[in-house]
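>>> Below is the sequence, then the predicted model.
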Amino acid sequence: MKEKIVIYQVLPRLFGNKNTTRKENGTIEENGCGKLNNFTDDVLARIHDMGFTHIWFTGVIRHATQTNYSSYGIPTQHAEVVKGKAGSPYAITDYYDIDPDLAENVSLRMTEWERLIDRTHKAGMKVIMDFVPNHVAREYHSICKPAGVRDLGEDDDTNMHFSTKNNFYYAWGDLDLNEVRHSKPAMVPFSEKDSKIFEPYTESPAKATGNDRFDNRPGCNDWYETVKLNYGVDYCDAGGRSYHYEPVPSTWGKMTDILLYWASKGIDGFRCDMAEMVPTAFWSYATQILKARYPHIIVIGEVYDPSQYRNYVKSGFDYLYDKVGMYDCLRGVIRGERPAASITHEWQEVDDIREHMLYFLENHDEQRIASDFFCGNAMKAIPAAAMSLFFQKNPFMLYSGQEFGEKGMDKEGFSGRDGRTTIFDYWSPETLTHAYQENAEDVYTQEQKYLAATYRQLLRLANEEKAIREGETFDLMYVNPWSEGFDPRTNFAFLRKKDDEVMLIVLNFSQETRQLQVCIPGHAFDFFQIKEEEVLVTELFSGGKKKVELKKDGVFPISMDANGVRIYKFNVKMEEIDFVLNEHHKEEFPPAHTAEHLLNQLMVRMFGCERSRNAHIERKKSKMTFVVDHKPTRQEEKAIEAEMNRLIEEDMPVTYEFVDRDHIPANVKIDRLPDDASETLRLVRIGDYDVCPCIGKHVRSTAQIGKFVLLGTNWDEHAHSLRIRFKIVQ
């Protein structure tokens, strides 16, 4: 089965850092730091359960920092050429080393990384790491390179501005950082022993700066902390830029060896920083060697020039950032600056390479959706997330914290208050301090929990539904111009189809509810070979069903919430599938039925028992029977009632998802399903607290249940059977 790639980007330095001091420009001792070991088996299992197939661990390779690790034999870095106390993850100081900030035991930092790779694979996900090919830190020096490897710059002729034998470019004169110094506050040594690193930084001759600055005077807005690597391109040739690829430049071989080194550790992909600043000739050379030895490896490129996209795909990239096209478009749609209909133009521009485009709404370079600089409300981006996940078969990436509405409005230090989450400072964003840990829901607001539950539904559907995972797409915007029933400024609609399954997906970017009439043209019927007939459709967010008459050029009536998503699924062979999942054969009272789910999970957690096999849920009073190892005490019975009401007051969202038997989460048991249960199952989730297959009716969130009143219990000593009698008071 083909898998849709859904990537979770996470900066380990920030993830799970429970130190909440949050001092501006704080040191690692003051503000703490996330660790690789924070990604435990349980945390990784919850991330996978969210719907992610890959994790991009950002900033793992050792980079420049102001933190002193000299006692471990790690060279110190001069503060003048380090951005922030923690330093940029893209100012690499040793391509063969792991960043010591991320290790519980610095001496075992490589072992901790290798174990995290193993844990991630065990959790069912694949590992992506950075490859930073364009530049390195000014004081690059590898102490971990394999035997026989010559260091970058070790054999350079520094008297030559350019040579294919050199790894760096050299400018005339000494490095001049006066503009940088004047833009930064005066630095004060931490102690007498550190005072030497606050003497002015010197570099002679000056190396060219990472952002293609080839003189010796970088400014404060340049990447002054980095130096440019030489791939055989003479940028300052008298006749203009010239290319020197024969013989193969020294840098090509060294950087390809670095890719092979990390691939040998068992990783599954590279995200290549600023790939377009490195010539395609190198990428063709390196990816051919890499994939010949490791065919499973995927290579993702950060490329911003659309005119170069196809060249980089041809040179071996599996996926490219769709930043200038789709990201910029969706940002404008979310902010009300562009019509939703403009999405059509963006996908058409890259339609021939559509499966190579990586969609995203946030990453470490971009402003947070919920920030004041973007739109101030994370829910406004839900239609854009649905579009990014469901419109094509190409990958989607989500930046950690996005699923909880991270605002990025902290003033961390070097980064400043800019709507981004810092990559330069030691920090602990509130949304990531307890993310994916047990009982993490206790620290999130109701809005954050609802947002996370919504993202889970979207992310999981991307692989659970074959029409989304593998189907063809039909854009419906050309037949839905502005009318009383459709507004292309704020609405977007499309079809997906695989085999006999069809999905109509409709998005509402408006802040208002809408009653829509979506036209499905005759061309779509012909393209997908759909018959004109009455079909039973299931709305996958709510679980509701209705019958709709499909006619060429007819309309599909839809009620949309503000920032809403509607996903209507139907079978073109008119196979009306009833989801027979349990023994409820009558109309349930939704509050009591939802309480049944809660009580089942509560008893599992309190007594280590199984879920109830004998339940009678009624409007007036209900009974459930559990087999437990002892008769509960009076205190334990009171605790059951108290904990049930606490869970109800948490107002956890109740959500649905439809899965086939190949996509059932590991913690969901299906041994009680009847023999005639369908291949497609509906799972009911209550926050992160409980999930089980069920077709009954439920409230939308637990606060709608009411008050749980324990009426009494009956104990059968012989059978160790506990019957709990309760009622719901509203």
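Thanks, I have it.
>>> Give the buried residues for stretch 337-356.
The neighbour-count check on stretch 337-356 (16 or more other C-beta atoms under 10 Å) flags 338-344, 346-347, 349-350, 353-354, 356 as buried. Backbone N, C-alpha and C define where each C-beta goes, glycine included.
>>> with these in mind, which one is nearest to A91?
Closest approach to A91 among the buried residues of stretch 337-356 (C-beta to C-beta): H356, at 28.9 Å.
>>> Low-confidence stretches in the stretch 1-150 of the chain?
Applying pLDDT under 70 to the stretch 1-150 of the chain picks out residues 1.
>>> just the helices in it please.
28-31, 41-49, 109-122 (DSSP state H, counting those that start in this stretch).
>>> Who are the packing partners of the helix or strand of the chain with the lowest mean pLDDT?
Ranked by mean pLDDT, DSSP states H and E, the weakest helix or strand in the chain is strand 654-660, scoring a mean of 82. When contacts are defined as 3 or more C-beta pairs under 8 Å, 6 or more residues apart in numbering; DSSP states H and E, strand 654-660 sits against helix 446-464, strand 680-686.
>>> circling back: nearest to I664, of the helices of the stretch 1-150 of the chain?
Nearest to I664, of the helices of the stretch 1-150 of the chain and by C-beta to C-beta, is helix 41-49 at 11.2 Å.
>>> Would you indicate which residues of the closest one are buried?
43-49.
>>> Now stretch 712-720: buried residues?
Quick answer for stretch 712-720 (16+ other C-beta under 10 Å): T713.
>>> and the end-to-end length of that stretch?
Across stretch 712-720, the terminal residues are separated by 16 Å (C-alpha to C-alpha, to the nearest Å).
>>> Give me the contacts around it.
Outside stretch 712-720, the residues that touch it by C-beta atoms under 8 Å, 6 or more residues apart in numbering are 627-632, 637, 721-725.
>>> Out of the residues you listed, flag the one nearest to F373.
Nearest member of the contacts of stretch 712-720 to F373, counting by C-beta to C-beta, is I724, at 51.7 Å.
>>> Looking at D690 now. What's its pLDDT?
You'll see D690 listed with a pLDDT of 91.
>>> Do you have the strands of the stretch 351-500 of the chain handy? List them.
For the stretch 351-500 of the chain, strands defined by DSSP state E, counting those that start in this stretch occupy the ranges 357-360, 396-399, 472-475, 491-498.
>>> roughly how far is the second one from the heart of the chain?
So that's strand 396-399. Strand 396-399 has its C-alpha centroid displaced from the chain centroid by 4 Å (C-alpha atoms, centre = their mean, to the nearest Å).
>>> Tell me the strands beside it, with direction?
Its sheet considered, strand 396-399 pairs with strand 6-10 (parallel), strand 357-360 (parallel) by DSSP bridges.
>>> can I get those in a markdown table with mean neighbour count?
Shown next, in a markdown table, are those (neighbours: other C-beta atoms under 10 Å):
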| stretch | mean neighbour count |
| --- | --- |
| strand 6-10 | 24 |
| strand 357-360 | 24 |
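>>> Just tell me which of these ends up closest to K23.
strand 6-10 (23.0 Å).
>>> and of the helices of the stretch 1-150 of the chain, who's closest to Y399?
Comparing the helices of the stretch 1-150 of the chain under C-beta to C-beta, the one sitting nearest is helix 41-49, at 13.2 Å.
>>> Nearest residue to P249 in space, please, no chain neighbours.
G232 (3.8 Å; C-beta to C-beta, 6 or more residues apart in numbering).
>>> quick one: contacts for the one you found?
164, 243-245, 249, 251-252, 279, 281-282.
>>> 7 Å instead?
Residues near G232 by C-beta atoms under 7 Å, 6 or more residues apart in numbering: 164, 243-245, 249.
>>> do F52 as well
So F52 contacts 6-8, 125, 459 (C-beta under 7 Å, 6+ apart).
>>> now do 10 Å
5-10, 44, 123-126, 396-398, 459-460, 462-463 (C-beta atoms under 10 Å, 6 or more residues apart in numbering).
>>> again, but for Q517
Here Q517 is in contact with 480, 483-486, 554-558 (C-beta under 10 Å, 6+ apart).
>>> Out of the strands paired with strand 396-399, which is closest to Y689?
strand 6-10 (21.7 Å).
>>> related to what we said a few turns ago, most neighbours among the contacts of G232, which one?
Using other C-beta atoms under 10 Å as the neighbour test, those are led by P249, with 25 neighbours.
>>> what about it, distance to L229?
10 Å (C-beta to C-beta, to the nearest Å).
>>> Between the two, which contacts overlap?
Common neighbours of P249 and L229 (C-beta under 10 Å, 6+ apart) are 166-167, 255, 282.
>>> Mind pulling the model confidence for D662?
So, for D662, pLDDT stands at 69.
>>> contacting residues around the nearest residue in space to T280 that is not next to it in sequence?
Using C-beta to C-beta, 6+ apart and skipping residues adjacent in sequence, the residue nearest T280 is S315, 4.1 Å away. Going by C-beta under 10 Å, 6+ apart, S315 touches 275, 278-288, 299, 301, 308.
>>> Which of those residues sits closest to M606?
Among the contacts of S315, and counting by C-beta to C-beta, the member closest to M606 is V299, at 48.9 Å.
>>> mind checking how far the helix or strand containing the closest one is from the chain centre?
Element membership of V299, judged by DSSP states H and E, is strand 298-301. Taking C-alpha atoms, centre = their mean, the mean C-alpha location of strand 298-301 is offset from the chain mean by 16 Å.
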